[in-house]
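K.L.:
next comes the sequence, and after it the predicted model I'd like to discuss.
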Protein chains: 2
Amino acid sequence: MSNPYIKQYLMTAGPTPLPPAVSQVMAEPILYHRAPAFVEIYERVLERLPQIFRSSNDVLCFASTGSGALESAVANLVRPGHPALVASCGKFGERWAELCEAFGADLTHGAFEWGAKVDPARVDEVLDSMAVKPDVVFTTQSETSTGVLNDVAALAEVARSHGAILVVDAVSGLGAAELLQDEWGVDVVVSGSQKSLMCPPGLGFASVSQRALDLAAASPGGRYYFDWAKTAAGQRKSPPDSPFTTAVTLFRGLDVALEAILAEGLDEVFARHAILARAARAGIEGLGLRRFGPDDPDANAVTAAHLPDGIDGARVPKTMRDVYGVTAAGGQGHLKGRIVRLAHCGYYGAFDIVVAITALESALRDVGHECDPGAGVAAVQRILIEAGSPAPVG
Amino acid sequence: MSNPYIKQYLMTAGPTPLPPAVSQVMAEPILYHRAPAFVEIYERVLERLPQIFRSSNDVLCFASTGSGALESAVANLVRPGHPALVASCGKFGERWAELCEAFGADLTHGAFEWGAKVDPARVDEVLDSMAVKPDVVFTTQSETSTGVLNDVAALAEVARSHGAILVVDAVSGLGAAELLQDEWGVDVVVSGSQKSLMCPPGLGFASVSQRALDLAAASPGGRYYFDWAKTAAGQRKSPPDSPFTTAVTLFRGLDVALEAILAEGLDEVFARHAILARAARAGIEGLGLRRFGPDDPDANAVTAAHLPDGIDGARVPKTMRDVYGVTAAGGQGHLKGRIVRLAHCGYYGAFDIVVAITALESALRDVGHECDPGAGVAAVQRILIEAGSPAPVG
């Protein structure tokens, strides 16, 4: 029997697909990280990154994944024995708690249910109740494990009102959903290269305010590779320099990806993600599935769906991948087998949603859950039609 | 005037040039790090890496540069207030000392002159003199800042005789000069992807013995991203898994590079590096320059030369690069302007040495130091002829 499903599609929330121009530039000959030909690229990237964070901060760059950037925040800000508050609502929020414990914080962990949002009012109460106020509150913008988007502006306000700084994991959210770091008063935003920034994994970022740098400087030691002061001092030199070898290949990819993002325009990028997310939500409902998580028009990085009762849920993403060539993610932790997650942060377009919903429909049918053929995509198409054609047809 | 020097050559000790097959595979579509198509690559790389380290240890992999792998060793082994010994002879050895201080060690620093070797007998005396013996001695195999190769076997012996484990930075040495980790009893060898392993920068490695893992387990905390136990537990699963997103693109490159190294044969790789280093040393002497560092037939990663008196030394590597397209490195720290360093670790062949020596000759002439035209390359050629043709000529 012939197989019409020979092509592969990547729909996970990291790593995500790359634009061809990003892949191509990484195949160019390696540059020495201190040669002018590379320093020019390095300088341009350092100048452009803050535009993505909507911040005037230096964005500190590390050769690490996003988790390394998270570690940089904890290693620079947490002092052993001092209180820290983590407000989590999923696997990646819980990573903040694990990191804080590893670095000896006196941890208070406000753990909201997986699939719920972090509630700023509740965080306010927790801070009220703490005898010794923490210097730092850690939270997550887009919780990749559930697709939930937290209200970072409100959380920054709450943290500020208690004299704490807010540190936000924006690994999957940055560049998919609005995050106005300076306007919202978020002291630290950390992220990684492999999601909306349309690059391979291997670069971590921390956009750090002067207040956060000062706080870090007050507790030196226990860090070196991830030391913010060391990296900031290098990046502020003229020309900028990195204290360690730069991951030059990934940086060249990032340079091309930032060029593409800024050429599209950040607002346009957000608007595109919003259409894709609306289409994914509609597609899921068109298939007769319930969406997982709160009704949130701004949760634009990842869309999750409850899997129907009475089927072996873990087989759905497996069938999508092994039979139909579409790699999506299932649930993590206790959500394993219970949800499926479709990512659309980064280099994704309208027809990626058409493909993902069609593959989900096909996999559901294969595991014994009937759906009307094309009902999911019909709903996707209605959203895409409503969003309009990008250009008049001649 | 026409310019015959339009091509670019990279002769620095990291990043180094990549084989075309490595560059090409990194331009392939991104794989999800937990999909079978990638897990197969991951598993193969984890199985092959120990062959390069000549060890039966698990080689722990980090998304970081080599300096991140160094940090992993210090973060896992150094306990605040406990004694540690660093035996250094250059910039990268001194990095161990900076790391140990950042992590609160009670540091004893045996700092040998830049350009000298670490003397095992002297290290023995230092260990004798320490009232409280350190658990760990840190040193460097190939000191990239000077080209010096240390006697790791003898240093392992000395450390062992005092009940300490030896941790070796083999970032530029691994795969260029022999290092028999298990036979020599070296507990920890750390390295990076961007030198003899013929990959871009961005992957760090730590080959860690059970004894070193046990020592790390005795002092948990203060680390997370670089925690050995966490990474070892993931890599030992079946199939292996990484606690954090793997730098999938770089890993695919590493897979192809390891394939090439093992196909050439590790002994052949060392023999090739030995010929290139002999040729580089001869070329430098052919140009009438003095070699920098001790006379060492095994120092095969980097060759350094004193620059002549009476010229502006810093202009030599600059002219090589800006005029002749050959990026070599000058001296670091107090050796700035006093030496030039030619790297030949990784994807280098005989004619790279011909090019490097010719460029050095040309640059010396440009800054006012006369050399016989072709005298350097004549000496290179004599070494290459002596080494013989790789195959009979038909």
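P.N.:
Yes, it's here. Numbering: from 1, shown residues only, chains lettered A, B, ... in the order given.

K.L.:
how far away is A:Asp58 from chain B?
P.N.:
Per CB to the nearest CB, to the nearest Å, A:Asp58 is found 20 Å from chain B. (Each C-beta comes from the backbone N, C-alpha and C, glycine too.)

K.L.:
again with A:Ala159
P.N.:
As judged by CB to the nearest CB, A:Ala159 and chain B stand 22 Å apart.

K.L.:
any idea which element that residue lies in?
P.N.:
Per DSSP states H and E: A:Ala159 is located in helix A:152-161.

K.L.:
what does that helix contact?
P.N.:
Outside helix A:152-161, the residues within contact range by CB atoms under 8 Å, 6 or more residues apart in numbering or on different chains are A:87, A:118, A:120, A:123-124, A:127, A:137, A:139, A:141, A:165-166, A:168, A:179-180, A:184-186.

K.L.:
can you tell if stretch A:202-212 touches chain B?
P.N.:
Yes: using CB under 8 Å from any CB of the partner chain as the criterion, contacts between stretch A:202-212 and chain B involve A:Gly202.

K.L.:
with just CA atoms, put that stretch into PDB.
P.N.:
Extracted C-alpha coordinates of stretch A:202-212, given in PDB (Å, rounded to 0.1, in the frame of the first residue of the first chain):
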ATOM      1  CA  GLY A 202      21.300  26.300  22.400                       C
ATOM      2  CA  LEU A 203      21.100  30.100  23.200                       C
ATOM      3  CA  GLY A 204      19.600  31.400  26.500                       C
ATOM      4  CA  PHE A 205      18.800  35.000  27.200                       C
ATOM      5  CA  ALA A 206      18.200  37.100  30.300                       C
ATOM      6  CA  SER A 207      17.000  40.700  29.900                       C
ATOM      7  CA  VAL A 208      18.000  42.200  33.300                       C
ATOM      8  CA  SER A 209      17.200  45.600  34.800                       C
ATOM      9  CA  GLN A 210      19.800  47.600  36.700                       C
ATOM     10  CA  ARG A 211      17.800  46.900  39.900                       C
ATOM     11  CA  ALA A 212      18.200  43.200  39.300                       C
END
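
K.L.:
re earlier: in helices, which of the contacts of helix A:152-161 fall?
P.N.:
Mapping the contacts of helix A:152-161 onto helices (DSSP state H) picks out A:Pro120, A:Val123, A:Asp124, A:Leu127, A:Trp184.

K.L.:
quick one on the thing from earlier: just the buried ones from the contacts of helix A:152-161, in ChimeraX syntax?
P.N.:
Here is the ChimeraX command that picks out the buried ones among the contacts of helix A:152-161, judged by 16 or more other CB atoms under 10 Å in any protein chain shown:
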select /A:87,118,120,123,124,127,137,139,141,165,166,168,179,184,185,186
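
K.L.:
near chain B, which of the contacts of helix A:152-161 show up?
P.N.:
Of those, not one also sits near chain B (CB under 8 Å from any CB).

K.L.:
for stretch A:107-126, what is the distance to the chain centroid?
P.N.:
When distances are taken as CA atoms, centre = their mean, to the nearest Å, stretch A:107-126 is centred 20 Å away from the chain's centroid.

K.L.:
show me what counts as buried in that stretch.
P.N.:
Buried residues in stretch A:107-126, counted by 16+ other CB under 10 Å: A:107-110, A:112, A:114-115, A:117-120, A:123-124, A:126.

K.L.:
just stretch A:341-361 next, same as before
P.N.:
Neighbour counts over stretch A:341-361 (16+ other CB under 10 Å) mark A:341-348, A:350, A:352-361 as buried.

K.L.:
so which of those belong to helices?
P.N.:
Here DSSP H is the test, and these give A:Ala350, A:Asp352, A:Ile353, A:Val354, A:Val355, A:Ala356, A:Ile357, A:Thr358, A:Ala359, A:Leu360, A:Glu361 as lying in helices.

K.L.:
isn't the first one up against A:Arg278?
P.N.:
Spelled out, it's A:Ala350. No: checked against CB atoms under 8 Å, the pair A:Ala350 and A:Arg278 is beyond contact range at 10.9 Å.

K.L.:
and A:Thr231, which of the three is it?
P.N.:
At A:Thr231 the chain is in helix, as set by DSSP: H, G, I helix; E, B strand; the rest coil.

K.L.:
if I look at the residue lying closest to it once chain neighbours are set aside, how far off is B:Arg281?
P.N.:
Spatial nearest neighbour of A:Thr231, excluding adjacent residues (CB to CB, 6 or more residues apart in numbering or on different chains): A:Leu60 at 4.6 Å. Distance, A:Leu60 to B:Arg281, by CB to CB, to the nearest Å: 41 Å.

K.L.:
of the two, which one has the most company?
P.N.:
With neighbours defined as other CB atoms under 10 Å in any protein chain shown, A:Leu60 and B:Arg281 compare such that A:Leu60 has more, 28 against 24.

K.L.:
using PDB, write out the CA atom coordinates for the helix with the most length in chain A.
P.N.:
The longest helix of chain A (DSSP H) is helix A:266-286. The C-alpha coordinates for helix A:266-286 follow below in PDB (Å, rounded to 0.1, in the frame of the first residue of the first chain):
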ATOM      1  CA  LEU A 266       6.700  42.500  16.100                       C
ATOM      2  CA  ASP A 267       3.000  43.600  16.100                       C
ATOM      3  CA  GLU A 268       2.400  41.700  12.900                       C
ATOM      4  CA  VAL A 269       4.100  38.600  14.400                       C
ATOM      5  CA  PHE A 270       1.800  38.800  17.500                       C
ATOM      6  CA  ALA A 271      -1.200  39.200  15.200                       C
ATOM      7  CA  ARG A 272      -0.100  36.200  13.100                       C
ATOM      8  CA  HIS A 273       0.300  34.100  16.300                       C
ATOM      9  CA  ALA A 274      -3.200  35.300  17.500                       C
ATOM     10  CA  ILE A 275      -4.800  34.100  14.200                       C
ATOM     11  CA  LEU A 276      -3.000  30.700  14.300                       C
ATOM     12  CA  ALA A 277      -4.100  30.200  18.000                       C
ATOM     13  CA  ARG A 278      -7.700  31.100  17.200                       C
ATOM     14  CA  ALA A 279      -7.600  28.700  14.300                       C
ATOM     15  CA  ALA A 280      -6.200  26.000  16.400                       C
ATOM     16  CA  ARG A 281      -8.800  26.500  19.100                       C
ATOM     17  CA  ALA A 282     -11.600  26.500  16.500                       C
ATOM     18  CA  GLY A 283     -10.100  23.400  14.900                       C
ATOM     19  CA  ILE A 284     -10.100  21.500  18.200                       C
ATOM     20  CA  GLU A 285     -13.700  22.500  18.900                       C
ATOM     21  CA  GLY A 286     -14.600  21.600  15.300                       C
END
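
K.L.:
cool, thanks, signing off.
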